[in-house]
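> below are the sequence and a predicted model; questions follow.
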Amino acid sequence: MEPEDITRKFVDCVNAGDVEGLVALYEPDAIIAFPPGQITQGHDAIRELYEQMLAGKPHFEYEQPLTTLISGDLALTATPAQDAAGVRAQVVRRQSDGTWLRVLDRPDFTQ
């Protein structure tokens, strides 16, 4: 698995309505800068956020990733958003089993 694969898995989980799959993409103390102007931290809060989001049955499309920057066990992934969010960026960390999990998630960054 490559760091940018998490973004595709995220879209698959959203479209399948899989809250637990979404939570599993994050480290236990991960931080999401969402909703706008707020911080969501930790699996319990992330689960609640995605339960609310998925209640509306959204459908996401894949976004073409920008170049992933990797330094050791950390990586910065990003995609240009297809909506008004601007750019989406995430910091992910390689786990001991070689998989990657999100540590920091900024799903909307407008200039």
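Yep, it's here.
> where do the helices sit along this structure?
Using DSSP state H, the helices of the chain run over residues 5-16, 19-23, 43-55.
> possible to save those as a markdown table with mean neighbour count, distance to residue 81 and mean pLDDT?
(C-beta placed from N, C-alpha, C; glycine too.) Formatted as a markdown table, the helices of the chain follow (neighbours: other CB atoms under 10 Å; distance: least, CB to CB, whole Å; pLDDT from 0 to 100):
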| stretch | mean neighbour count | distance to residue 81 | mean pLDDT |
| --- | --- | --- | --- |
| helix 5-16 | 17 | 11 | 96 |
| helix 19-23 | 18 | 18 | 98 |
| helix 43-55 | 15 | 16 | 97 |
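> can I get those in a markdown table including distance to residue 30?
A markdown table is the format used below for those (distance: least, CB to CB, whole Å):
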| stretch | distance to residue 30 |
| --- | --- |
| helix 5-16 | 11 |
| helix 19-23 | 9 |
| helix 43-55 | 7 |
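> what comes up buried for the strand ranked longest in the chain?
What stands out as the longest strand in the chain, according to DSSP state E, is strand 100-109. Residues of strand 100-109 classed as buried by neighbour count (16 or more other CB atoms under 10 Å): 100-108.
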